[in-house]
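**Student:** From the sequence below, what's the structure:
(chains A and B)
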Amino acid sequence: MIWIVAFVVFIMLAAAIAVLLLDNMVAAVVATSVVSLALTIIFALLRAPDVAMTEAAIGAGLSSLILAIGLKRLGYWKISDAKGEKND
Amino acid sequence: MTKFASLLFIAGLAFFLMVVTGLLPLGNSPMLIGNAILDSAKEQVGAANVVTSVVLAYRGLDTLGELSILFAAASAVGLLLTKSSFNKPSKNPTNTEESDSGFVAINGIDLIFPLLLVVGMYIISHGHLTPGGGFQGGVVLAIAFAMRSIVRPRGKSIDHGVVTFIEAFAGLSFIVIGLVALYTQGHFLQPMLDQGHFGSLWSAGTIPLLYLAVGLKVGAELAGLILALNTDEVNI
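**Tutor:** Numbers count the residues shown, from 1 in each chain, chains lettered A, B, ... in the order given. As a prediction, the model looks like this:
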């Protein structure tokens, strides 16, 4: 149990650091969603299924959707990693 | 520098959480109200999911506060976005940059849309029996409608008037149920009606009605919010 939680926490921290270090904005949004999914697993392991469902629906689904819409409105929605094209 | 500061902040937060976790007496809970609710929730409320009986019966007023916070946030987003569309010169419905998504995205969303609706309604209607409830199911419903309008930006989206009517009706019915309970039972949002057979779908009195109102309100509000964000000053 403790090793599963440690592994999930490791994934969560790695995804959270990846959000800061990734150059591609779309990949950063996906990494944010990975943080919430790992947190969902921890909530489910701690026997809080209600909180886990809320985290999966709002943290992984809705907030990623709103961040993606924000990227689209600001013009940063680029799937291919073209550095220097938009960074002026 | 910003990245370094952020990493330093994350490290500090992790250390803080580690210290707090080390100090907590895990396993033996000191809470008294929680144990009292666990003992008496089955007879007093009749919902198989104790979390639901706390959210809607013991702490129903807090749920009303959460609904009003959501309402304030959605109103603020709508206010800001419609204000920005006032100083646009004219509406251009033929936006060339906004085109429909590809074949796979459109047909995949069309395939998954009824399944998402069924899952959302199941989570809402079984909120008093299984984990989940109005908030989670409402978010699933909102995501279903929002994804459908995102893959077709120029297609016909759901009417804002209908969304506003559903939202207002659901919020009003939540408050009316609470006031009827205040009049007949003496406490705001006290569980009413027959509790039914414990654990069946038609049980726990007014709890499923309240959760249906919460789910419809949350779903309509978030769907309207995402649609307002996604319309991109075309037809707000």
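**Student:** Please list the residues of chain A that sit near chain B.
**Tutor:** A:13, A:16-17, A:20-21, A:49-50, A:52-54, A:57-58, A:61-62, A:65-66, A:69-70, A:73 (Cβ under 8 Å from any Cβ of the partner chain). All C-beta atoms are positioned from the backbone trio N, CA, C, and that covers glycine.
**Student:** Helix or strand, whichever it is, which one in chain B has the lowest mean pLDDT?
**Tutor:** Using mean pLDDT, DSSP states H and E, the weakest-scoring helix or strand in chain B turns out to be helix B:33-44, at a mean of 78.
**Student:** which residue sits closest to residue B:46, ignoring its sequence neighbours?
**Tutor:** Of all residues not flanking residue B:46 in the chain, residue B:195 sits nearest, at 3.4 Å (Cβ to Cβ, 6 or more residues apart in numbering or on different chains).
**Student:** That neighbour and residue B:183, how far apart?
**Tutor:** As for residue B:195, its distance to residue B:183 is 20 Å (criterion: Cβ to Cβ, to the nearest Å).
**Student:** Which of those two has more residues huddled nearby?
**Tutor:** In terms of neighbours (other Cβ atoms under 10 Å in any protein chain shown), residue B:195 is the more surrounded of residue B:195 and residue B:183; the figures are 17 against 9.
**Student:** Look up which helix or strand residue 14 falls in, please.
**Tutor:** You didn't pick a chain, so chain A it is. Counting by DSSP states H and E, the element that carries residue A:14 is helix A:2-21.
**Student:** let's do chain B instead
**Tutor:** Going by DSSP H and E, residue B:14 is part of helix B:2-23.
**Student:** and that helix, does that touch chain A?
**Tutor:** Yes. Among the residues of helix B:2-23, B:3, B:6, B:7, B:10, B:14 lie within reach of chain A under Cβ under 8 Å from any Cβ.
**Student:** Return the list of helices and strands in contact with that helix.
**Tutor:** helix A:2-21 (3 or more Cβ pairs under 8 Å, 6 or more residues apart in numbering or on different chains; DSSP states H and E).
**Student:** Could I get the buried residue list for the helix it packs on?
**Tutor:** A:8, A:9, A:12, A:15, A:16, A:18, A:19 (16 or more other Cβ atoms under 10 Å in any protein chain shown).
**Student:** hang on, the third one packs against residue A:33?
**Tutor:** Meaning residue A:12. No. With contact defined as Cβ atoms under 8 Å, residue A:12 does not reach residue A:33; the gap is 11.6 Å.
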